[in-house]
Structure formats: structure tokens, C-alpha cells
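Asks: Need a 3D model of the sequence below.
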Amino acid sequence: MHTEEKLNMTMLCDFYELTMGNGYFQAGYQDRITYFDVFFRDVPDRGGFAICAGLDQLIDYIENLHFDEADIAYLRSKGIFSEDFLAYLRDFRFTGDIWAIPEGTPIFPREPVVTVRAPAIEAQLIETFTLLTINHQSLIATKANRIVRAAQGRTVLEFGSRRAQGTDGAISGARAAYIGGCKGTACTISDQLYGVPAGGTMAHSWVQMFDSQYEAFKTYCQIYPTNATLLVDTYSVLKSGVPDAIRAFNEVLKPLGIKKCGIRLDSGDMAYLTREARKMLDEAGWPECQISASNSLDEYIIRDLIQQGAQIDLFGVGERMITASSQPVFGGVYKLAAVEDADGNILPKIKVSENVDKITNPHFKKVYRIFDKTTGKAEADYITVYDETVDESQPLELFDPRATWKRKTYTNFTARPLQVPVFQGGRLVYRQPALQEIQKYCAEQVETLWDEVKRFENPHVFYVDLSQKLWDIKQELLRKSR
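Replies: All right, here's what the predicted structure looks like:
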């Protein structure tokens, strides 16, 4: 049996991807070129936008796709796969093309976030992991970005490892939270693996371990004089916690000339307690002492605390960020959009449903973001057929594909392609930016959105429009389906 260290992520797939792969192989379809899109239908928490994340882990997965002998033996034991297919899997590698929207980009429903062009078996096999990594990290990055925006410039740290949904939920979740705007994490291994700055100070057990709270505080300041943040709510915040912290700061830090220090609260009425603690610290000559708060925080609680005058410089957010507990599923899907015939012609495919939201946009597509040149703001996204170009010197009329009478013409605009090439012919062609670059890029791109799109409640709908050519193709396929 595999140990966790030896897991081959190629086998992290739905079993039907293997049964379909075997079926394609038996039917002679293994070399047929297919086009699949990853997209989502609804923004979590009824927000105005989501944040794309998870591409780095998809790249690692694609580069390491293979079946080892233990995998082949397991599949043979199922008794349903042909020996020819198992022999094919023994030499399996990804040979296709992938385009993706870079991590940190705001994304919207029904636009292709990832597009895969590959032989049928290859494209089908990577469905589960592609969705898993894009869905999970986009979900956490989106939630983190909401929380960071609620903090209005105050530092937010990710504190959720112990409440995460499994090891990868904690590790890659911390990475995604950093992309969304968190300044760091409590998860040490995420720093080791990805460079998400890890930090932490003390738990209540540290305070309880000593004969007195003051002794616990003084000892900590002596050991970590340049990074002394003291947890002041083990007993009474105002009667003993803050006074003992001030005493320790005075006796240990002041003689060293150190002014940087902090206190943390993990319970109680945060608005009232932090206001009172701020007064006590200032009166004692510690105006630079930072106040941190944690305890089941989210964007709404943080917003309310700030409105109530809470004196909080740093928020530690755990379970409600790392699990995105208010809506813990990012509904990305992986759908066939086109196939190529024997002559290389691209034939559009559509999925039709009684549920209108589940009707797909067919064909191999491009997606552009339209920016107003005067304001620099993003105005709409525009999906076209792959062979269309946008002439920025000519007026561009866009229409809402759900309500076609809603139209707007843009004249002074820039059209930026959102997807970039990631793999070509199975070879990585994308320069993977450092995590700090992704975080900076994310903040810059969120700033291009109008404030109305960024509202937590009833945000303005950011339009994702289809070109006339793509709209006509879709309508013709719908007519044929009837």
C-alpha cells in the first residue's frame, strides 16, 4: 500500500476517467484532439468576483504525470482494463497544450479560467486534479481577499491550520490566503514549501505553565525581546493581562531601547477591550505597541469591529478563512468545448440542459478583459472564438448574453487577453512568478475593479459577454440540439 510520501497524484482521479480512457482506447479515439474548459458558475458568498489560484500546483501535477508499476498492477486487479490500455499507460505523459488565467487575477462566472487542448485520454485524465487545485485555492484566495479588504489596510494573518480540511487544506490553503492578501501564516510548512511568511508567539498554555502571568510575560520578553507579543486574555485582560504586559515591557524591553512589541486578545468583547487596552498602553508610554485580535473572525465581524472603534492593528483569522466556512465549495467544472476532426478542423461542442445555467459556451475560445483607457478600470470581459481579434481602433459593442438588449459600445479601451500559454506540446512554457509577485499582482488587479463590484452585499454584476460570432455558433448548436 502506498504511504502518503509515495502517493502518485496521477491516481488522484475519478475512476470514470480511467474507464472512459480505456473506452477511448478500445474505440480508437485515444489520439483525437479535444478542448476542455474550466469555469465556474457562481461567485462564493454572493460576491462580485473571485480570485484565481492553484495554477502552480497544476503545473507540478502535469509535469509529474505518470503511472508506475504499482499503479498498473492495481488497475489490472480491477479486471476491466485491457492489457493494451495498461501498456499505453506505462508510457503515459501529458503531450497537450494548456492556457490559463494567471494566479491572482479576478475572475468571473462562465469564462474559461483554464483551457486544455490534448488527446482525449490525456485531457480526460487530468480533470479531477485540475478542478481540485483550482477550486480549492481559488475558494480560499477569494475568501482571504474579502477578509483583507474588510480590514482596511490592517494586517491579516492566516491562523487556520488546525481547523483546515486535511493536510493539503492547511498547506495549500495558507498559500492561497497569501495570494488573496494575507501577510503571513501560522503554518510552518507553507513557509518551508512556498515561502508564505510564518510566524507566531505564544498560546495560553505558555502563560499557564509559569507560577504567575507576569513571570510568563517577563520570560518571553527575555527570550524574544525583538518579537514580544503577549497573549493577555488567559485570566483578565484589563485587570491583570495588560498591566502584567506593561510591567514586563518596562522591565525587559525599555532598558534595551526596544519599542516594538504587541499584545494579543483571543476572546471577549474585542471592541471594548481593545479600546481600553489602547488607553492603558498609551498612558504607560507604549504607543507603538500593536494590538492583535483573533477568535472566529471573518469579513463581517472585522468590518463591524472597525465600525465600533476597535483599536486593532492585526487580525489573525483561522477557521472561517481556511475552510471558507460561509460557502465552502467553489463550483468550478470541466466541460468539453470542442474536438478536432481528422483534418484538424475544430468542431464546437455544447452541453444542453433544462437548467439554463448549465448550458455551456462551445468552441475553442479566447477571453479578453476590457479596460477603460481614461480610468484604467475593468469594464467587462469578452469571450470570442479562438480566431477572432479585437481591433482597439474601432468601436466595440458588447451585449449581455442573457439579456441581449443590454448593450454598450466602448471606444477608448484596451483589450487584454486573460489566458496565457502554460504548456505547449507537453512542455512548460510559462514563467512561474514568485509568490510575492502573485500577491502584488492580485492587489493591483483588484484595484482595477470598480468599488461597486467589490461590495460584500449586492455587488454590481461585472458582465462577461460573448462575441457575436460565438453567440451565433451557440444559438445554431442549440437549434440543432432541438
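Asks: Help me confirm that residue 440 is found in a strand?
Replies: No - with DSSP: H, G, I helix; E, B strand; the rest coil as the criterion, residue 440 is helix rather than part of a strand.
Asks: Which parts of the stretch 151-300 of the chain are strands?
Replies: Applying DSSP state E, counting those that start in this stretch to the stretch 151-300 of the chain gives strands spanning 155-158, 184-185, 229-231, 262-265, 290-294.
Asks: Buried residues, the lengthiest helix in the chain. List them.
Replies: Ranked by residue count under DSSP state H, the longest helix found in the chain is helix 127-150. Residues of helix 127-150 classed as buried by neighbour count (16 or more other Cβ atoms under 10 Å): 127-150. The C-beta positions use only the backbone N, C-alpha and C, and glycine is treated the same way.
Asks: With stretch 356-368 instead?
Replies: Going by neighbour count (16+ other Cβ under 10 Å), the buried part of stretch 356-368 is 359-368.
Asks: Can you tell me which of the residues you listed is nearest residue 94?
Replies: Within the buried residues of stretch 356-368, the smallest distance to residue 94 is 18.3 Å, found for residue 364 (Cβ to Cβ).
Asks: list the contacts for that closest one?
Replies: Residues near residue 364 by Cβ atoms under 8 Å, 6 or more residues apart in numbering: 35, 115, 117, 337-338, 346, 348, 385-386.
Asks: Which of these fall within strands?
Replies: With DSSP state E as the criterion, strands contain 35, 115, 117, 337-338, 346, 348, 385 from among the contacts of residue 364.
Asks: Name the nearest of the residues you listed relative to residue 424.
Replies: residue 117 (9.6 Å).
Asks: now the closest residue to the closest one other than its chain neighbours: how far from residue 128?
Replies: Leaving aside its sequence neighbours, residue 117 sits nearest to residue 97 (Cβ to Cβ, 6 or more residues apart in numbering; 4.3 Å). According to Cβ to Cβ, to the nearest Å, residue 97 stands 20 Å off from residue 128.
Asks: and if you look at residue 469?
Replies: Distance of residue 469 to residue 128, computed by Cβ to Cβ: 33 Å.
Asks: Same question for residue 294.
Replies: 35 Å.
Asks: can you check residue 441 too?
Replies: Counting by Cβ to Cβ, the gap from residue 441 to residue 128 is 28 Å.
Asks: what bits of the stretch 51-200 of the chain have low per-residue confidence?
Replies: In the predicted model, the stretch 51-200 of the chain carries no residue with pLDDT under 70.
Asks: Okay, now the sheet partners of the helix or strand containing residue 367, with direction.
Replies: Assessed by DSSP states H and E, residue 367 sits inside strand 365-372. In the sheet, strand 365-372 lines up against strand 378-385 (antiparallel), strand 413-417 (antiparallel) (DSSP bridges).
Asks: Tell me which of these is the most buried.
Replies: Of those, the one with the most neighbours on average (mean count of other Cβ atoms under 10 Å) is strand 378-385, at a mean of 21.
Asks: what mean pLDDT does it have?
Replies: What strand 378-385 shows for mean pLDDT is 98.
Asks: for that strand, the distance to its chain's centre please.
Replies: The gap between the average C-alpha position of strand 378-385 and the chain average comes to 21 Å, counting by Cα atoms, centre = their mean, to the nearest Å.
Asks: How about stretch 323-339?
Replies: With Cα atoms, centre = their mean, you get 12 Å for stretch 323-339.
Asks: If we ignore the residues flanking it in sequence, what's nearest residue 465?
Replies: Per Cβ to Cβ, 6+ apart, closest to residue 465 is residue 398, 4.3 Å.
Asks: Packing partners of the helix or strand that contains the one you found?
Replies: For residue 398, the host element (DSSP H and E) is strand 396-400. Applying 3 or more Cβ pairs under 8 Å, 6 or more residues apart in numbering; DSSP states H and E, one finds that strand 396-400 contacts strand 378-385, strand 403-410, strand 464-466.
Asks: Let me have the ones you listed in CSV, extended by distance to residue 196.
Replies: Shown next, in CSV, are the helices and strands packed on strand 396-400 (distance: least, Cβ to Cβ, whole Å):
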stretch, distance to residue 196
strand 378-385, 27
strand 403-410, 39
strand 464-466, 31
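Asks: nearest to residue 427, of those strands?
Replies: Using Cβ to Cβ, the nearest of these to residue 427 is strand 378-385, at 25.8 Å.
Asks: The closest one vs strand 403-410, what angle?
Replies: On the basis of axes from the mean of the first three to the mean of the last three Cα atoms, to 10 degrees, strand 378-385 is oriented at 110 degrees to strand 403-410.
Asks: Just give the number of residues close to the residue lying closest to residue 208 once chain neighbours are set aside.
Replies: Nearest residue to residue 208 in three dimensions, chain neighbours excluded: residue 234, at 6.5 Å (Cβ to Cβ, 6+ apart). Residue 234 has 21 neighbouring residues, counting by other Cβ atoms under 10 Å.
Asks: what ranges do the helices span in the stretch 151-300 of the chain?
Replies: Ranges of helices in the stretch 151-300 of the chain, per DSSP state H, counting those that start in this stretch, are 167-180, 188-194, 204-209, 213-223, 242-248, 270-283, 299-307.
Asks: and if you look at the stretch 1-150 of the chain?
Replies: Under DSSP H, counting those that start in this stretch, the stretch 1-150 of the chain gives helices at 15-27, 55-63, 69-77, 83-90, 120-125, 127-150.
Asks: In CSV: those, plus distance to residue 416.
Replies: Output for the helices of the stretch 1-150 of the chain, formatted as CSV (distance: least, Cβ to Cβ, whole Å):
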stretch, distance to residue 416
helix 15-27, 34
helix 55-63, 18
helix 69-77, 42
helix 83-90, 40
helix 120-125, 27
helix 127-150, 20
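Asks: Looking at those helices, which is nearest to residue 432?
Replies: Using Cβ to Cβ, the nearest of these to residue 432 is helix 55-63, at 6.0 Å.
Asks: Enumerate the positions of the closest one that are buried.
Replies: Those would be 55-59, 61-62, for helix 55-63 by 16+ other Cβ under 10 Å.
Asks: List the contacts of that helix.
Replies: Residues outside helix 55-63 that contact it (Cβ under 8 Å, 6+ apart): 9, 94, 98, 100, 102-103, 114, 126, 129-130, 133-134, 137, 172, 422-423, 428, 430, 432.
Asks: Give me the buried subset of the residues you listed.
Replies: Looks like these have 9, 94, 98, 100, 102-103, 114, 126, 129-130, 133-134, 137, 172, 422-423, 430 buried, using 16+ other Cβ under 10 Å.
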